[in-house]
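> Below is the sequence, then the predicted model.
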Amino acid sequence: MGIDTPTLDDRSYEEYLEQAKKLIPAYSDEWTDFNPHDPGITMLEVLAWVTETYTYQLDQITDEHREKYLQLMGHRKQLQEAASARLSLSPPEAASGTRLPAGTRFLVTDGTNDTYRFETDHDVVLTDATLDRIVTVDESGKTDNSQENATDGMFYRAFGNTVERGDTMYIGFDGDPFAESNSFTLVVEYHDDDLPEPTASPTGESFFEPSVELEWEYRPANGDSWVQLDVVADGTKSLYEGGAIELARREDSHGPPRQTAEAPNDVESSDLAWFRCRVETAGYEIPPQVDRIEPNVVEASHRATVSNEVLEQVAALGEPTALDGQTYETQHTPILWADVRVDGERFVEVPDFDASGPTDPHYVLDRETGEITFGDGERGRIPPSSATITADYVYGGGSDGNVSPSAGWQFEDPTKSLTETTSLGDIELTAAGAATGGSDRETISEALERVRQDLRTPHRGVTVDDYEAIASRTPGVRVGQTNVLVDGDRVIVVVVPYAPPDVSRPTPSDGFLDAVRRHVTDRAMLGDRVTVTGPTYVGLDITVSGQARPRYTENGYEEDVRAVIESYVHPLIGFDGEGWPFGRSLQTEAIADHVASLDGIDYVSDVDITAHGGAALEDAVAIGEQELFSVVNVSTNLTIPEADDGGRYP
């Protein structure tokens, strides 16, 4: 329960004066004139006024006080976020194979007099080859996803609906991406519109490292072998999210190419140049969903980098400040990141000088104003009067960077050379849409409200509910359901990863379990031994007997029966829509009721369940606290009456 903040300034000048007058007789019988002309009353009026001003000051808490309070609580105002946009580049043929480095700058106008600066987030190797086909090969066969990849509003599963070792995605180009360079860049736009956001950490920490392993290979047009590729950079985390992937030919530094398994005939016989991405170690919680894969695409963020800027000291009343508490300022604001040096020595940013010693190389940065303040010799070192103060910093961010899709984009320096015959201005720029994600820096009020909410959230594993809450908020992953079991000092955390409804057995990968384990262990009580594991699934073979309605016999009622049963027992959406609870028994009567609710079913006479695991009861299947259900097979034994039902069926 919180403590109400007292109101100290709750009495007025008149009340103070009246109270003082009432005390006069207790100290002097001779003082009988309480009118304003009396000199004593005049003095009391002055003192009452001074007292009122003091109590007013006591009751005032400024933003500076509130920010200090946040620091004492271990929090700071969250910085502004930089908007980002996806740009398609159309380079001239002569620029094919040229690397456009991270940090390349753009100027953006959006119908106002303001100009916004954006920078590329990653390198991109340009090519004149065009992506022509994308084919997925899995255990179910071959699927051509070329149309989905080229159409807005459509997405596809890169390795199919169930990802196993050996599943492969083929990407075909009408030219050789390695003709002019040993490297090549692909940008993946991940489809996550139907997925919850992974839990974000206020400190930016994330323990999740994918345990999935992918292998990239390349075969030139009309080639007779596949060359293994090096993954120079992977911003997608093995296709767990969107980002840029840079690939390099392995034969350039790791020996000759090697033969691998055969590709489909139409790939082998094609005159396209092919990349293929094969699953070597499976384990995706969510089969990778892709909106688009493209070359010549780059992400750009609303920010600009400044290197080695010489800072000017802030003058007070036209004169430089004293040596102690020197303040300098940057030319651009607001600041996202800074690295400050004094005569080449790197100083360290601190929130304040409270814990700084006389020789500590510390400074305090006001990110909104760009002011950099040094210590006074007692708390924080004083830079020499002749010192040169330099800074590398990044500025930008904020909601202003959310420019519209119609904004105008151009290179900041279009005359900069790409090759001997081309420059940046020869590249055509097309924004894929609006820049999004920009937000202003958090206000003090917003920060305090966030901290209040955070204080209500468990951060230490004391109770079972605490452990469940902590596990479900593991940064970087999507947790669908948890269950915690306690056996003495042993704490067993069972986690089910979030997965789409068509994934009937959501199973955490080793990387997923390791992320949850590290997050929970760091917050466990001293002495608790934490084990993190995935669920055990009890497979179900179900036979449904009864009668179907004749008017629905051609509408695939068998598939409807399986679908309604799978939905009912699904670990994340089953039972009451919140997911099937760990350890809850499955009643045959409940299955019958759900099947009978289908339009194509007249009635259900019997439900027979064979469980692969669990405990078979008379009319139910019981499972343990670490177990859930998955449907292996559903068969129907339904009679179909004559089509002429005499109006019995609606």
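Nice, I can see it.
> can you map out the helices along the stretch 551-650 of the chain?
557-569, 588-596 (DSSP state H, counting those that start in this stretch).
> got it, and the stretch 151-300 of the chain?
265-268.
> Ramachandran angles for the closest residue to Gln326 other than its chain neighbours?
Nearest residue to Gln326 in three dimensions, chain neighbours excluded: Phe374, at 4.8 Å (Cβ to Cβ, 6 or more residues apart in numbering). All C-beta spots, glycine's among them, are computed from the backbone N, C-alpha and C. Reported as degrees, to the nearest 10, the phi and psi values for Phe374 are phi -100, psi 170.
> how far away is Phe374 from Asp339?
15 Å (Cβ to Cβ, to the nearest Å).
> For the stretch 551-650 of the chain, give me the ranges with low pLDDT.
551-556, 643-650 (pLDDT under 70).
> same thing but at 50, please
Within the stretch 551-650 of the chain, the ranges that satisfy pLDDT under 50 run 646-647, 649-650.
> Please, where are all the strands along it?
Counting by DSSP state E, counting those that start in this stretch, the stretch 551-650 of the chain has these strands, from start to end: 586-587, 601-612, 615-616, 620-622, 627-639.
> Select, out of those, the one closest to Pro25.
Between Pro25 and the strands of the stretch 551-650 of the chain, the tightest spacing by Cβ to Cβ is seen for strand 627-639, at 82.7 Å.
> Can you give me the buried ones in that closest one?
Neighbour counts over strand 627-639 (16 or more other Cβ atoms under 10 Å) mark 627-632, 634, 636, 638 as buried.
> likewise stretch 145-159?
Buried residues in stretch 145-159 (16+ other Cβ under 10 Å): 145, 148-149, 155-159.
> longest helix in this protein, by residue count?
helix 39-58 (DSSP state H).
> elements contacting the very next helix or strand once past it?
Going down the chain from helix 39-58, the next helix or strand is helix 63-72, by DSSP states H and E. Contact here means 3 or more Cβ pairs under 8 Å, 6 or more residues apart in numbering; DSSP states H and E; on that basis helix 63-72 packs against helix 444-455.
> Please tell me how far the helix it packs on is from the chain's geometric centre.
From the chain centre to the centre of helix 444-455 is a distance of 20 Å (Cα atoms, centre = their mean, to the nearest Å).
> Which strands or helices does the next helix or strand after that helix pack on?
Per DSSP H and E, the first helix or strand lying C-terminal to helix 444-455 is helix 464-472. Judged by 3+ Cβ pairs under 8 Å, 6+ apart, helix 464-472 is in contact with strand 479-487, strand 490-497, helix 510-521.
> Compare these and give me the one nearest Pro383.
Closest among the helices and strands packed on helix 464-472, using Cβ to Cβ: helix 510-521, at 40.8 Å.
> Quick one: work out the angle between that closest one and strand 479-487.
On the basis of axes from the mean of the first three to the mean of the last three Cα atoms, to 10 degrees, helix 510-521 is oriented at 60 degrees to strand 479-487.
> got the buried residues for helix 510-521?
Buried, per 16+ other Cβ under 10 Å, within helix 510-521: 511-521.
> That one: how far from the chain's middle?
For helix 510-521, the distance to the chain centre is 17 Å (Cα atoms, centre = their mean).
> Number the chain from 485, please
Yep, numbering from 485; the last one is helix 994-1005 now.
> and the angle from that helix to strand 974-981?
130 degrees.
> which residues are in contact with helix 994-1005?
690-696, 767, 769, 945, 951, 954-955, 957-961, 963, 977, 979, 981, 992, 1014, 1016-1018 (Cβ atoms under 8 Å, 6 or more residues apart in numbering).
> Now a PyMOL select for only the buried ones of those residues.
To isolate the buried ones among these in PyMOL, judged by 16+ other Cβ under 10 Å, type:
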select buried, resi 690+691+692+694+695+696+767+769+945+951+954+955+957+958+959+960+961+963+977+979+981+992+1014+1016+1018
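> returning to what we had before: which single one of the buried residues of stretch 629-643 is nearest to Leu563?
Comparing the buried residues of stretch 629-643 against Leu563 with Cβ to Cβ picks out Phe639 as the nearest, at 32.3 Å.
> residue contacts, the nearest residue to that closest one once chain neighbours are set aside?
Once flanking residues are discounted, Phe639 sits nearest to His675: 3.8 Å by Cβ to Cβ, 6+ apart. By Cβ under 8 Å, 6+ apart, the contact list for His675 reads 639, 773-775.
> most surrounded residue in the residues you listed?
Using other Cβ atoms under 10 Å as the neighbour criterion, Val774 leads the contacts of His675 with 23 neighbours.
> what's the pLDDT at the residue nearest to Phe639?
On pLDDT, His675 comes in at 95.
> What of Val751?
At Val751, the pLDDT value in this model is 75.
> and if you look at Leu542?
Looking at Leu542, its pLDDT is 68.
> before we move on, what about the one 10 residues further on?
Confidence per residue is given as pLDDT, and for Lys552 that number is 85.
> Burial check on it, number of neighbours?
Neighbours of Lys552 (other Cβ under 10 Å): 14.
> Next, find the distance separating it from Ser840.
On the measure of Cβ to Cβ, Lys552 and Ser840 end up 15 Å apart.
> go on, Phe1066?
In terms of Cβ to Cβ, Phe1066 sits 51 Å off from Ser840.
> again, but for Thr814
Counting by Cβ to Cβ, the gap from Thr814 to Ser840 is 22 Å.
> got it, and Glu725?
40 Å.
> Those two: who's more crowded?
Taking other Cβ under 10 Å, Glu725 and Ser840 do not tie; Ser840 has more neighbours (20 against 15).
> how about low-confidence regions in the chain?
In the chain (pLDDT under 50), the answer is 485, 736-744, 801-802, 1130-1131, 1133-1134.
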